[in-house]
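S.K.: generate coordinates for the sequence data below:
(chains A and B)
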Amino acid sequence: MAKEITPRSEDYSQWYLDIVHKARLADNSPVRGCMVIKPHGFAIWENMRDALDGMFKATGHVNAYFPLFIPKSFLSKEAAHVEGFAKECAVVTHYRLKNDPNGGGVIVDPEAKLEEELIVRPTSETIIWNTYRDWIQSYRDLPILLNQWANVVRWEMRTRPFLRTAEFLWQEGHTAHASADEAMAEAKLMLDVYAQFAEEYMAMPVIKGIKTPNERFAGADETFCIEALMQDGKALQAGTSHFLGQNFAKAFEVQFLNKENQQEYVWATSWGVSTRLIGGLIMTHSDDDGLVLPPRLAPTQVVIVPIPKPAPELTEAAEKITAALRAKGIRVKIDNDDQNRPGFKFAEYEMIGTPVRLGLGARDLAAGQVEVARRDTKEKSNVALDQVADYIENLLTEIQQNLFNKAKAYRDEHITRVDTWDEFVEVLDNKGGFVSAHWDGSTETELAIKEKTKATIRCIPVDNPLEDGVCILTGKPSTQRVLFAKAY
RNA sequence: CGGGGCGUAGCGCAGCCCGGUAGCGCACCUGCUUUGGGAGCAGGGGGUCCCAGGUUCGAAUCCUGGUGCCCCGACCA
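M.R.: Next up, the predicted model:
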């Protein structure tokens, strides 16, 4: 093996970075905390984006675009919001450069200082609600169901490709409603959309839940989330949906005239998922040989490798297979590169996560078959050429399902119920995963637990059963269990 | 911003202690032989040794000051 990936057992973080680089997903950039998303990584994002965009539209949403820059004064209008984001904002202070009179290249022109500084958006609630004020007069203008695909910047102290970068790509939905109930229903609906996307497309099982006040989005009355579990036992917040109450409507004076001819503040939601999902995808399925992609998101689902090298009769057979697969909507490519040998290509496609590989040589043609290798289990089988299209169509479905089942089995095995502090610490330190335990409901206790164990409350699962118990730390009475975990 | 480590070819590194022609592996280029699980041989190209100053006949190497990156903590989709 010429291009080794650090085994997970040796160094999980290094394994993750190796996958990102060796599967050609992203490169480091000259800018601290930012990354270059390479074509293969971006193709995965495009598939995610297209699937989500379709789901948003199917639930009545439309796309729009708001500016990258936000006037500084906007951010400060909602108290909790500014408190939450102020520490990680990039600020534009000048609008011009000039040649350094001392010959040191270009410098910021001190005469080109902005009257009001601009914030590079960390999220767009403020600029959008400032705009909604003009758009909303009456209940007839509601609801507004809007989404935007954009980049945002949060000046993080420590970054990791996809999981946490200073700039990232995401979508942010921003909706406006005439009633609290309707807004709450919207926030929950979008949570369901995210959960469905994670499980059906990413094959990543998620727990839908509610954040504690401490973990809530800055400016929200309620934050819903989907939480996934990575192979190293750490949790990943994969998406959030917020019921914003009337907080932003009040901050930006957005009122509407209701049917009773009374002025009322508008109710709001916002919801987002980001390129972080790619990090989750990697850490849910991949192995020590490289990336493993679920077929529904794989840029190429099937690759055909001529053996030992491209030849007219092999190409002819490969093209027939390709046509049959494309007719079924399967994304397939023929590798007609004649520089690298089959062994190299096999390893390469395993590295980049292509779900199915077909090996096609003279021997196969003579036998009227093709060698089918699946990435998830590494199993190979020989399939008759005239049946290969149906076989692969089923196989892709099976791989998708198998990846989900495997991830779900792992996740379910790593939800541990504990009732004592000693068990709690023991499970977090050794087994990892989610720990289901009683908590007295106070932020103080939540922070104390975080201080002692580094574990945070990931969520209170939706439809959580009520159950009398005592808090794991304080022994105070509790009415339900919550999910703790160490998290990304 | 605290604590640790590292800047030498596209990538990964050795050389530094003990100053004296800048090296190795991978990648790249050319040719031949290969080709059913990461090919072999031969030849070849590629460097402001992070920056600035100092010591010295001479600095990748020693000294001083910068600077960038990585890891560990506090913040986070």
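S.K.: roughly how far apart are the closest residue in space to residue A:37 that isn't next to it in sequence and residue A:40?
M.R.: Here the nearest residue to residue A:37 in space, its sequence neighbours aside, is residue A:26; by CB to CB, 6 or more residues apart in numbering that works out to 5.2 Å. Every C-beta, even on glycine, is put in place using the N, C-alpha and C of the backbone. Note on residue A:26: its distance to residue A:40, by CB to CB, to the nearest Å, is 9 Å.
S.K.: so for those two, which residue has more residues nearby?
M.R.: In terms of neighbours (other CB atoms under 10 Å), residue A:26 is the more surrounded of residue A:26 and residue A:40; the figures are 21 against 17.
S.K.: what sits against the more buried one?
M.R.: Applying CB atoms under 8 Å, 6 or more residues apart in numbering to residue A:26 gives the contacts A:20, A:35, A:36, A:37, A:38, A:41, A:161, A:162.
S.K.: just the buried subset of these, written out for PyMOL, thanks.
M.R.: To isolate the buried members of those in PyMOL, using 16 or more other CB atoms under 10 Å:
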select buried, chain A and resi 20+35+37+41+161+162
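S.K.: from the contacts of residue A:26, which ones fall inside strands?
M.R.: Judged by DSSP state E, strands contain the following of those: A:35, A:36, A:37.
S.K.: isn't the first one up against residue A:21?
M.R.: No - if you go by CB atoms under 8 Å, residue A:35 and residue A:21 don't touch, sitting 10.6 Å apart.
S.K.: overlap of the contact sets of these two?
M.R.: Common neighbours of residue A:35 and residue A:21 (CB under 8 Å, 6+ apart) are residue A:27.
S.K.: buried ones in stretch A:390-400?
M.R.: Under the neighbour-count criterion of 16+ other CB under 10 Å, stretch A:390-400 has A:392, A:395, A:396, A:399, A:400 buried.
S.K.: save those as CSV, and put in distance to residue A:193 too.
M.R.: What follows is the buried residues of stretch A:390-400, written out as CSV (distance: CB to CB, whole Å):
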residue, distance to residue A:193
A:392, 29
A:395, 28
A:396, 23
A:399, 24
A:400, 19
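S.K.: follow-up on the earlier one: which single one of the ones in strands among the contacts of residue A:26 is nearest to RNA strand B?
M.R.: Using CB to the nearest atom of the strand, the shortest approach to RNA strand B within those belongs to residue A:35, at 9.6 Å.
S.K.: so who does the closest one touch?
M.R.: Listed by CB under 8 Å, 6+ apart, the contact set of residue A:35 reads A:26, A:27, A:28, A:29, A:161, A:162, A:165.
S.K.: in chain A, which helix or strand is least confident?
M.R.: Scoring the helices and strands of chain A by mean pLDDT, DSSP states H and E places strand A:106-108 at the bottom, with a mean of 80.
S.K.: just checking: what are the partner strands of the helix or strand that that strand is followed by?
M.R.: Per DSSP states H and E, the first helix or strand lying C-terminal to strand A:106-108 is strand A:113-120. Partner strands and pairing direction for strand A:113-120 (DSSP bridges) are strand A:69-71 (antiparallel), strand A:91-94 (antiparallel).
S.K.: pick the most deeply packed of those.
M.R.: Between the strands paired with strand A:113-120, the one whose residues have the most neighbours on average, counting mean count of other CB atoms under 10 Å, is strand A:69-71 (a mean of 18).
S.K.: residues in contact with it?
M.R.: A:92, A:116, A:118, A:119, A:120, A:121, A:124, A:126, A:127.
S.K.: re the thing from before, next, format the buried residues of stretch A:390-400 as a markdown table and append secondary structure.
M.R.: As requested, the buried residues of stretch A:390-400 are arranged in a markdown table below (DSSP: H, G, I helix; E, B strand; the rest coil):
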| residue | secondary structure |
| --- | --- |
| A:392 | helix |
| A:395 | helix |
| A:396 | helix |
| A:399 | helix |
| A:400 | helix |
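S.K.: looking at the residues you listed, which is nearest residue A:174?
M.R.: Of all those, the one with the least separation from residue A:174 (CB to CB) is residue A:400, at 31.9 Å.
S.K.: from residue A:407, how far out is that closest one?
M.R.: Using CB to CB, residue A:400 is found at 11 Å from residue A:407.
S.K.: overlap in contacts of those two?
M.R.: Common contact partners of residue A:400 and residue A:407 (CB under 8 Å, 6+ apart): residue A:203.
S.K.: state the helix or strand in which the residue nearest the centre of chain A lies.
M.R.: Among the residues of chain A, the one closest to the centroid is residue A:277, at 1.9 Å (CA atoms, centre = their mean). In this structure, residue A:277 is located in helix A:276-285 according to DSSP H and E.
S.K.: quick one, domains of chain A?
M.R.: Taking automatic domain parsing as the domain assignment, the ranges for chain A are A:12-285, A:302-395, A:415-485.
S.K.: quick one: end-to-end distance for the second one.
M.R.: Terminal residues of domain A:302-395 lie 11 Å apart, using CA to CA, to the nearest Å.
S.K.: that domain and RNA strand B in contact?
M.R.: Yes - Domain A:302-395 is in contact with RNA strand B by CB under 7 Å from any atom of the strand, via A:307-309, A:340-344, A:346-348, A:350-351, A:359-364, A:371, A:373, A:378, A:380.
S.K.: quick check: which ranges of the stretch 101-250 of chain A have low pLDDT?
M.R.: In the predicted model, the stretch 101-250 of chain A carries pLDDT under 70 at residues A:102-104.
S.K.: give me the pLDDT for residue A:417.
M.R.: Model confidence at residue A:417, expressed as pLDDT, equals 96.
S.K.: test of understanding: give the bridge partners of it.
M.R.: In this structure, residue A:417 has beta-bridge partners residue A:436, where bridges are defined by DSSP bridges.
S.K.: can you give me the distance of it to RNA strand B?
M.R.: According to CB to the nearest atom of the strand, to the nearest Å, residue A:417 and RNA strand B sit 25 Å apart.
S.K.: mind checking the SS state of the nearest residue to residue A:222 once chain neighbours are set aside?
M.R.: On the basis of CB to CB, 6+ apart, the spatially nearest residue to residue A:222 that is not a chain neighbour turns out to be residue A:243, at 4.2 Å. Residue A:243 carries the three-state label strand when classified by three-state DSSP.
S.K.: what about residue A:243, distance to residue A:331?
M.R.: Using CB to CB, one gets 38 Å for the distance from residue A:243 to residue A:331.
S.K.: neighbour count: the two, which is higher?
M.R.: Comparing residue A:243 with residue A:331 by other CB under 10 Å, the one with more neighbours is residue A:243, at 25 against 18.
S.K.: got a list of what that one touches?
M.R.: Contacts here follow CB under 8 Å, 6+ apart; on that basis residue A:243 touches A:183, A:184, A:187, A:220, A:221, A:222, A:223, A:224, A:268, A:269.
S.K.: just list whatever residues bridge to it.
M.R.: Assessed by DSSP bridges, residue A:243 has beta-bridge partners residue A:222, residue A:269.
S.K.: how close does it get to residue A:468?
M.R.: 28 Å.
S.K.: over to residue A:304?
M.R.: When CB to CB is the yardstick, residue A:304 and residue A:468 sit 60 Å from each other.
S.K.: do residue A:120 as well
M.R.: Look at residue A:120 and residue A:468: by CB to CB, they are 49 Å apart.
S.K.: which one of those two has more residues nearby?
M.R.: It is residue A:120, of residue A:120 and residue A:468, that has more neighbours when counted by other CB under 10 Å, with 18 against 9.
S.K.: mind listing the strands for the stretch 201-350 of chain A?
M.R.: Using DSSP state E, counting those that start in this stretch, the strands of the stretch 201-350 of chain A run over residues A:207-210, A:222-229, A:235-245, A:255-257, A:263-265, A:267-274, A:302-307, A:332-334.
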